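S.K.: Quick one: sequence plus predicted model below, questions after.
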Amino acid sequence: MGRKGFSAAGLTLGFSLFFMVARTAFGDVSYSFPEEMKRGSVIGNIAKDLGLDVNRLSARKARIDTEGNRKRYGDINVNTGELTVAERIDREGLCGKKASCILKHELVLENPLEIHKIMLSIEDINDNSPRFKIDLIEIEIAESAYKGAVFLLDEAVDADIGQNSVHSYSLQTNEHFVLNVRSSMDGGKYSELVLEKELDREQQQELTLVLTAVDGGTPPRSGTVAIHVTVLDANDNAPVFSQSVYKVSLPENSPLDTVVVTVSATDADEGQNGKVTYALGQGSERVEELFSLHKDGGEITVKSLVDFEEETTFELKVLAKDGSGLKSYCKVIIQITDVNDNAPIIVLKSLNNPLSENALPGTEVGIINVQDRDSENMGRVQCSVQQNIPFELVPSLKNYFSLVTTSELDRELVSDYNITITATDEGSPALSSSKTIHLSVADVNDNPPVFEEQVYSAHVKENNKPGSSVCTVAATDLDWRQNGTVVYSLLPFDVSGAPVSSFVSINGDTGVIHAVRSFDYEQLKSFKVLVLARDNGSPPLSSNVTVSVFISDENDNSPQILYPSPEGNSFMTEMVPKAAQSGSLVSKVIAVDADSGQNAWLSYHIVKATDPGLFTIGEHSGEIRTQRDISESDSTKQNLIVSVKDNGQPSLSATCAVYLLISDNLAEIPELKDMSYDESSSKLTFYLIIALVSVSTFFLTFIIIILAVRFCHRRKPRLLFDGAVAIPSAYLPPNYAEVEGTGTLRSTYNYDAYLTTGSRTSDFKFITSYNEGGTLPADLTVKKTRTSVDDLERLVISVNDSQV
Ligand SMILES: *[C@@H]1O[C@H](CO)[C@@H](O)[C@H](O)[C@H]1NC(C)=O
Ligand SMILES: *[C@@H]1O[C@H](CO)[C@@H](O)[C@H](O)[C@H]1NC(C)=O
Ligand SMILES: *[C@@H]1O[C@H](CO)[C@@H](O)[C@H](O)[C@H]1NC(C)=O
């Protein structure tokens, strides 16, 4: 509104100016004075200048007025007619950059109205300093900028005009730039920075300069501004490694992704120009399998396990490159250090298997080689075998060991060994490995066969079947196979003059001893056999053992009646005195049994008698006694059938007839002869007749002797019989039963018995020898009756012979 008003007033002013110009072509006044004068300062005496009466000024209401409603800067002192400054006058504020600044006022006088134009020309004073529009001038200059490059700077402004405006510039002294001040088309001044010395961002990244603008006033005023120069980077630096050679050591088998080393290169440039990337150089194919290089960080890491035993050093060429392709190289030497990762390897170079058991202590059995791929201590190996075996390892040449025996071996105790060889290196922790060698011990024939028993005794029943087994011997031999295979044989040995092989044989494989023949206890009671056990080794070893064969008795012999002759062959008659009293001994049956023991224990029984109540027989003595006194009524001829039984199972028996004649008279003997003749066999031969005659003769003599004796000892009628029967009493069963009795008589009777049973061939000799050395006991009774007994025997022999 104010402004609108102002411009309307301007129009009015224009009209009035036109109008006033005409009127005031005379009477205008102008004053020129500097701005910023104090209020009340006197500009000039307008009354005087216009030729007005000072005294009337007040009366004419003289006043200063402006065109329109403009601000009034001047005032009039009506007393003195002086024009004074009414308001502060700022030229720059009123007129800006205009070269002349004129304020138009009017002096109005009334009565009569008089109007005088007053032109107030305001002069500039240097009251403003040059000023830059901004506080800081920022300039970016590439470090690659050449010398002489020009950089325009902002212009400073100064509100004052003319001489008081910007007159020149100056730059703070520096080594890179100088200032070039130029005038612009409108007369202003501006400046330029001129590069005097090239920049290096890597040395100085920025610099700050002070630019001063100075005006031409007196005194001059100035204004400053800071110039901040940022040096822009250019890729003028290649990356530089912190070390040209990186030397590191890495234990082998380091885990994957272990950082081996970090290479680092720096590039003085900035941004992309300074961004370094790394790469492996040419010729690193092998290395690239094992290591990887981090493109940005420069860490070299383990990509796959590294084995010291394969390669100990790696050389890598590492390339560093900045964003614009400037490069440099460095070398990385990776020294691999050994780790004890290889267990020793045991190699059996030779083995003497099987090893003979008679190898002497110290015999070399095998050669062992030990290898450890690790280095130094980790590859140094100790080797040993387990305790408690008779082997040890003896170090030989480097890494070689001999396996030797430390003591004698015995296959029969330990036939094979598992020798465990343990190899341990000296690493920390130590690694070890082991290998087991199986070693067999070969046999040597060093053990003879050994019989299971020291002495064998066998009991065989007589009358065994030829070929039946007698006993079994067994020998064992600890050796192996044929060295331990036992073969049995009989050692040549004589049994009663005959080779032992005619008695027994042995199965060479089984050791079963067989009877070759049937044994007869009565011939041979025992014998010894020497059995040899021999192995099949070469040379063979042997041992022997004695087998005692005992033949046991069987009841295979019937009692043999010696007296009286067995039934059928007897024609002997005992005389029984008529006066014989009860209990008188009238005769005695004598029998023997070739068997022994129970088998030869004889018992006597009367099985048939003419007069059963008259005679008894002692069950074991065989003595026939009267049971009661003989009476006249008793028949003179008494016949007894006596049975003799042994005690065997089953028992065997023999019978005989005893003819008794109750008579005191020898004249009755012919009857006896008849009687015996009646009963004699019809088969009697000529020899028998002769024998009978002889016997008759003998009997006659005998009876005569008996009678004679009886005559002499009438009062002791039993004596005859006592004496006569005394002979067989030595053979009563209890004595006879003794197996080892020394009685030669018994032997003699055995002899007789054999004769009577008809065994007269080879056995004869044997029996003879069996009786050899026997001694006759000094038995008076025997001697006394020797002759008669012999005669009896002879009689029996002849009878038997004739029967055969
Ligand atoms: C040796 O080892 C084998 C097999 O490992 C085994 O059969 C045998 O009994 C062992 N021998 C000894 C004497 O330990
Ligand atoms: C038996 O022993 C001999 C040495 O006495 C030896 O040479 C042979 O090999 C052995 N036989 C067997 C089967 O072991
Ligand atoms: C039987 O063995 C003994 C030792 O046991 C020995 O002295 C003797 O010579 C051996 N006899 C034969 C015939 O081998």
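M.R.: Thanks, I have the structure now. Ligands and ions are numbered 1, 2, ... in the order given.
S.K.: Flag the shaky bits of the chain, pLDDT-wise.
M.R.: Applying pLDDT under 70 to the chain flags residues 1-27, 566-572, 666-687, 689, 711-804.
S.K.: Is it correct that Asn447 is in contact with Asp477?
M.R.: Yes - look at Asn447 against Asp477 with C-beta atoms under 8 Å: they come within range, at 5.7 Å. The C-beta positions use only the backbone N, C-alpha and C, and glycine is treated the same way.
S.K.: buried sites along stretch 276-287?
M.R.: For stretch 276-287, the neighbour count (16 or more other C-beta atoms under 10 Å) marks Val276, Thr277, Tyr278, Leu280, Ser284, Val287 as buried.
S.K.: can you check stretch 518-525 too?
M.R.: Those would be Phe519, Asp520, Tyr521, Glu522, Gln523, Leu524, Lys525, for stretch 518-525 by 16+ other C-beta under 10 Å.
S.K.: picking up where we left off before, keep only those of the buried residues of stretch 276-287 that are in strands.
M.R.: Of the buried residues of stretch 276-287, the ones assigned to strands by DSSP state E are Thr277, Tyr278, Leu280.
S.K.: For the first one, name its beta-bridge partners.
M.R.: Right, the one you point to is Thr277. Per DSSP bridges, the residues bridged to Thr277 are Lys321.
S.K.: Next up, the contacts around it.
M.R.: Lys295, Asp296, Ala320, Lys321, Asp322 (C-beta atoms under 8 Å, 6 or more residues apart in numbering).
S.K.: Name the nearest of the residues you listed relative to ligand 1.
M.R.: Nearest to ligand 1 among those, counting by C-beta to the nearest ligand atom, is Lys295 at 56.9 Å.
S.K.: Check the contacts of Thr277 for burial and list the buried ones.
M.R.: Counted by 16+ other C-beta under 10 Å, these give Ala320, Lys321, Asp322 as buried.
S.K.: so which residue of the protein comes closest to ligand 1?
M.R.: Counting by C-beta to the nearest ligand atom, the chain gets nearest ligand 1 through Asn418, at 3.7 Å.
S.K.: in which helix or strand would I find that residue?
M.R.: Following DSSP states H and E, one finds Asn418 within strand 416-425.
S.K.: which is the next helix or strand following that strand?
M.R.: The C-terminal neighbour of strand 416-425 among helices and strands, as given by DSSP H and E, is strand 432-442.
S.K.: List the neighbouring strands of that next one plus their orientation.
M.R.: strand 355-356 (parallel), strand 416-425 (antiparallel).
S.K.: Give the pairing partners of the following helix or strand past it; include direction for each.
M.R.: Of the helices and strands lying after strand 432-442 in sequence (DSSP H and E), the nearest is strand 450-451. Strand 450-451 has its sheet partners listed here by DSSP bridges as strand 475-476 (antiparallel).
S.K.: how far out from the middle of the chain is the partner strand?
M.R.: Taking the mean of its C-alpha atoms, strand 475-476 sits 41 Å from the chain's own mean (C-alpha atoms, centre = their mean, to the nearest Å).
S.K.: Check stretch 133-142 too.
M.R.: 84 Å.
S.K.: Name the surrounding residues that touch that stretch.
M.R.: Contacts to stretch 133-142, defined as C-beta under 8 Å, 6+ apart, come from residues 149, 151, 153-154, 157, 193, 195, 199, 211, 225-234.
S.K.: Output that stretch as PDB, nothing but the C-alphas.
M.R.: What follows is stretch 133-142, C-alpha atoms only, in PDB (Å, rounded to 0.1, in the frame of the first residue of the first chain):
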ATOM      1  CA  LYS A 133      28.900 -13.800  -0.500                       C
ATOM      2  CA  ILE A 134      30.000 -17.100   1.100                       C
ATOM      3  CA  ASP A 135      32.000 -17.900   4.000                       C
ATOM      4  CA  LEU A 136      34.100 -20.500   2.400                       C
ATOM      5  CA  ILE A 137      35.200 -21.100  -1.100                       C
ATOM      6  CA  GLU A 138      35.600 -24.800  -1.800                       C
ATOM      7  CA  ILE A 139      37.600 -25.900  -4.700                       C
ATOM      8  CA  GLU A 140      38.500 -29.400  -5.700                       C
ATOM      9  CA  ILE A 141      41.600 -29.800  -7.700                       C
ATOM     10  CA  ALA A 142      42.900 -33.000  -9.100                       C
END
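S.K.: would you list every one of the helices in this protein?
M.R.: 2-23, 46-50, 54-57, 91-95, 285-290, 669-679, 686-712, 719-729, 733-736, 744-757, 762-771, 780-803 (DSSP state H).
S.K.: mind listing what's buried in the third one?
M.R.: Neighbour-count burial for helix 54-57 flags Val54, Leu57 (criterion: 16+ other C-beta under 10 Å).
S.K.: quick one: the residue found closest to Gln335 once you drop the neighbours it is linked to in the chain from ligand 2, how far?
M.R.: Excluding its sequence neighbours, the residue lying closest to Gln335 (C-beta to C-beta, 6 or more residues apart in numbering) is Ser249, at 4.3 Å. Going from Ser249 to ligand 2 by C-beta to the nearest ligand atom, to the nearest Å gives 61 Å.
S.K.: Surely Ser249 and Ile334 touch.
M.R.: Yes - Ser249 sits in contact with Ile334 when judged by C-beta under 8 Å, with a separation of 7.4 Å.
S.K.: Which one's more surrounded, the two?
M.R.: Ile334 (23 against 12; other C-beta atoms under 10 Å).
S.K.: quick one: contacts for the more buried one?
M.R.: Val248, Ser249, Leu250, Val260, Val261, Phe291, Ile300, Thr313, Phe314, Glu315, Leu316.
S.K.: Distance-wise, check the residue nearest to it when sequence neighbours are not counted relative to Val157.
M.R.: In space, and not counting its chain neighbours, Ile334 is closest to Phe314: 4.4 Å by C-beta to C-beta, 6+ apart. Using C-beta to C-beta, to the nearest Å, Phe314 is found at 71 Å from Val157.
S.K.: Enumerate every residue touching Glu619.
M.R.: So Glu619 contacts Ser603, Tyr604, His605 (C-beta under 8 Å, 6+ apart).
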